[in-house]
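Trainee: curious how this folds, go ahead:
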Amino acid sequence: MPGGRLTQQERQQIALGLADDLAYAEIARRLDRPTSTITREVMRNGGPTGYRSDLAHRATEQRARRRRQTASGGARTPARTGERAGGDGRDGRDDEAVREYEETLATVFMQSGLPKMTARVLVALFTTEAGSLTAAELVQRLQISPASVSKAVAFLDSQGLIRRERDERRRERYVVDNDVWYQSMIASARAHAQLVETARQGVGILGPDTRAAARLEGIARFVDFVSEGIVRAAEQARDVLYTEPTNSTEPMTSTEPTTATGSPETR
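Mentor: Okay, here's the model as predicted:
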């Protein structure tokens, strides 16, 4: 599989593939590239409907030129808020690799339905060491406006993907931790429950013997079944993955005599 940056000819092939409605995986197969490379290339350069090979190639050259100028001038990448600058081996991070990964993760979030700026904010929270940032820190880190941060965090909060808390200086911080995925799943289940209820209202309005009502009932049954499974799986995962293990050496609390099998003796 070839390495290195995409060539102008490869970008032209990507544009042709998008015009033919090919999947990213198929374009990647034809170019012998990882699917993630194609996905990142398209999403950072206008998306599947706005991608233009010439503009994408020019933007890549400009980014490379800026990096060379920075390196030749002896300037270092400024440290991110609350973190030391990487790239010098002190913290084991390669700045360029981190930036590439953040773009890849943001692309995955965008494919799951998050708007671009919202995806970038969520990635920033997940990849910062503390797992939390203030609005001002997000503005500085992402170089975006306070209004963009406010809109993004409002959406993430509504989906249960972040939580808010106050630090010692009474600043509002946006936090991601293990529990946010559970809360997000529960929020999704609530939305599914509303869909089920609304679909079944339509059954009564359209008439239970109509084909339209049958379709709505099918939606309600399917979503209800899947939603129940999601909640059950989320509860189990929370218990298994995020519960502190008990000390197996602690004495048993039961004082009942036991049989040879270890179960309480039948009275």
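Trainee: all contacts plus neighbour counts: C-alpha atoms, from now on.
Mentor: Fine.
Trainee: buried ones in stretch 220-231?
Mentor: Ala220, Val223, Asp224, Ser227, Ile230, Val231 (16 or more other CA atoms under 10 Å).
Trainee: got a list of what the nearest residue to the fourth one once chain neighbours are set aside touches?
Mentor: Going back to what we said before, that points to Ser227. Leaving out its chain neighbours, the residue that sits closest to Ser227 by CA to CA, 6 or more residues apart in numbering is Ala189, at 5.5 Å. Ala189 makes contact with Ser227, Glu228, Ile230, Val231, according to CA atoms under 8 Å, 6 or more residues apart in numbering.
Trainee: and the two most separated of those?
Mentor: Ser227 and Val231 (6.3 Å; CA to CA).
Trainee: closest to Val123 among the contacts of Ala189?
Mentor: The closest of the contacts of Ala189, once distances to Val123 are taken by CA to CA, is Ile230, at 24.0 Å.
Trainee: just checking, that closest one touches Gln183?
Mentor: No - Ile230 is not in contact with Gln183 according to CA atoms under 8 Å; the separation is 11.8 Å.
Trainee: name the element Ile144 belongs to?
Mentor: Of the helices and strands defined by DSSP states H and E, none includes Ile144.
Trainee: nope, Gly229 is what I was after
Mentor: Using DSSP H and E, Gly229 falls within helix 211-242.
Trainee: Thr107 now?
Mentor: Taking DSSP H and E as the criterion, Thr107 maps to helix 95-111.
Trainee: and the average pLDDT for that helix is what?
Mentor: What helix 95-111 shows for mean pLDDT is 82.
Trainee: for stretch 106-116, buried residues please.
Mentor: Of the residues in stretch 106-116, Ala106, Thr107, Val108, Phe109, Met110, Leu114, Lys116 count as buried by neighbour count, 16+ other CA under 10 Å.
Trainee: and for stretch 94-110?
Mentor: By neighbour count on 16+ other CA under 10 Å, the buried set for stretch 94-110 is Glu102, Glu103, Thr104, Leu105, Ala106, Thr107, Val108, Phe109, Met110.
Trainee: what do you get for stretch 120-131?
Mentor: Using 16+ other CA under 10 Å as the test for burial, stretch 120-131 gives Arg120, Val121, Leu122, Val123, Ala124, Leu125, Phe126.
Trainee: what would those residues look like in JSON lines with secondary structure and pLDDT?
Mentor: Converted to JSON lines, those look like this (DSSP: H, G, I helix; E, B strand; the rest coil; pLDDT from 0 to 100):
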{"residue": "Arg120", "secondary structure": "helix", "pLDDT": "92"}
{"residue": "Val121", "secondary structure": "helix", "pLDDT": "94"}
{"residue": "Leu122", "secondary structure": "helix", "pLDDT": "93"}
{"residue": "Val123", "secondary structure": "helix", "pLDDT": "93"}
{"residue": "Ala124", "secondary structure": "helix", "pLDDT": "94"}
{"residue": "Leu125", "secondary structure": "helix", "pLDDT": "94"}
{"residue": "Phe126", "secondary structure": "helix", "pLDDT": "92"}
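Trainee: any chance of these in a markdown table, with distance to Arg171 too?
Mentor: Putting these into a markdown table (distance: CA to CA, whole Å) gives the following:
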| residue | distance to Arg171 |
| --- | --- |
| Arg120 | 21 |
| Val121 | 18 |
| Leu122 | 19 |
| Val123 | 21 |
| Ala124 | 18 |
| Leu125 | 16 |
| Phe126 | 19 |
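Trainee: which of those residues lies closest to Val196?
Mentor: Closest approach between the buried residues of stretch 120-131 and Val196, by CA to CA: Leu122, at 29.2 Å.
Trainee: nearest the middle, which residue of this structure would you pick?
Mentor: For the chain, Phe109 is the residue whose C-alpha lies nearest the centre (CA atoms, centre = their mean; 4.1 Å).
Trainee: in terms of contact, does it touch Ala119 like I think?
Mentor: Yes - with contact defined as CA under 8 Å, Phe109 reaches Ala119; the gap is 5.7 Å.
Trainee: what stretches of the stretch 51-200 of the chain score poorly on pLDDT?
Mentor: Within the stretch 51-200 of the chain, the ranges that satisfy pLDDT under 70 run 66-93.
Trainee: can you give me the strands in it?
Mentor: Per DSSP state E, counting those that start in this stretch, the stretch 51-200 of the chain carries strands over the ranges 132-134, 163-166, 172-175.
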